[in-house]
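# Coordinates for the following, if possible.
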Amino acid sequence: MLQTSVNCHNPDEHVVIEPAILYFGTPIALVSTLNPDGTPNLAPMSSAWALGTSVVLGLGRAGQTGLNIERTAELVINLPSDNLWAAVERLAPLTGRNPVPESKSAQFRYEPRKFEAAGLTPQPADLVGPPRVKECPLQLEATAAAVHRGQEGFLIVEAKVHRVHAARSLVRAGTSHVDTSVWRPLIYTFRHYFTTGERLGKTFRAEY
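Numbering: from 1, shown residues only. As a prediction, the model looks like this:
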């Protein structure tokens, strides 16, 4: 009997890959800052993580957001829900830097009116100069406690959060807890937009 060899791959086997980026699943934030002329700048970013009341942001040094933070230290970290993905994508190819840096010129274009371009609404903050984004269910007013120049042209910003605004529909009545059954954050996974799915469980430290 003629025998044939079948090339079977084990789906659980690990292989070495070289992905272009390592956005393995992080929330998107819209960071608002103030330009030197007092107008607002708004930029999407997806390198952020929280530790206590601090949020660490990774930003490109070639953008206007990093320059504004280095100059004023004030920012608002606005967290969009999944239904705002198209507005985020409208912001994606825009920069508030004029002239556009050579490193960005092939993919980005200058736009001084970011809120209007994205179809979003500025909303006054309480404690800092940059506006909040009205459509974002969570808004964190913050100041930069430290700014580090990282490798590969990045800025690493340690932002101290001073005030959190939450849409009433997200807050469990009588508490300061975000209702995780309602909150649908916009997640960036290998340059694609997703949101959270079915809740699988909770950690032992969960308060409800």
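# hey, what's the most centrally placed residue in the chain bridged with?
Nearest to the geometric centre of the chain sits residue 29, at 2.3 Å (Cα atoms, centre = their mean). With DSSP bridges applied, residue 29 shows beta-bridge pairing to residue 45.
# got it, and residue 142?
Judged by DSSP bridges, the bridge partners of residue 142 are residue 75, residue 161.
# correct me, but it touches residue 78?
No - when contacts are counted by Cβ atoms under 8 Å, residue 142 is not listed as touching residue 78 (10.8 Å). Yep, even glycine has a C-beta here, placed from its N, CA and C like the rest.
# what about stretch 118-133, start to end distance?
Terminal residues of stretch 118-133 lie 11 Å apart, using Cα to Cα, to the nearest Å.
# Tell me which stretches of this protein form helices.
64-72, 85-91, 114-118 (DSSP state H).
# Quick one: closest of the ones you listed to residue 175.
For the helices of the chain, proximity to residue 175 was assessed by Cβ to Cβ; helix 85-91 is nearest, at 28.5 Å.
# Can you name the residues that contact the residue nearest to the centre of the chain?
44, 45, 46, 48, 57, 77, 78, 79, 80 (Cβ atoms under 8 Å, 6 or more residues apart in numbering).
# closest to residue 100 among those?
residue 44 (16.8 Å).
# Please consider this matter closed, and thank you.
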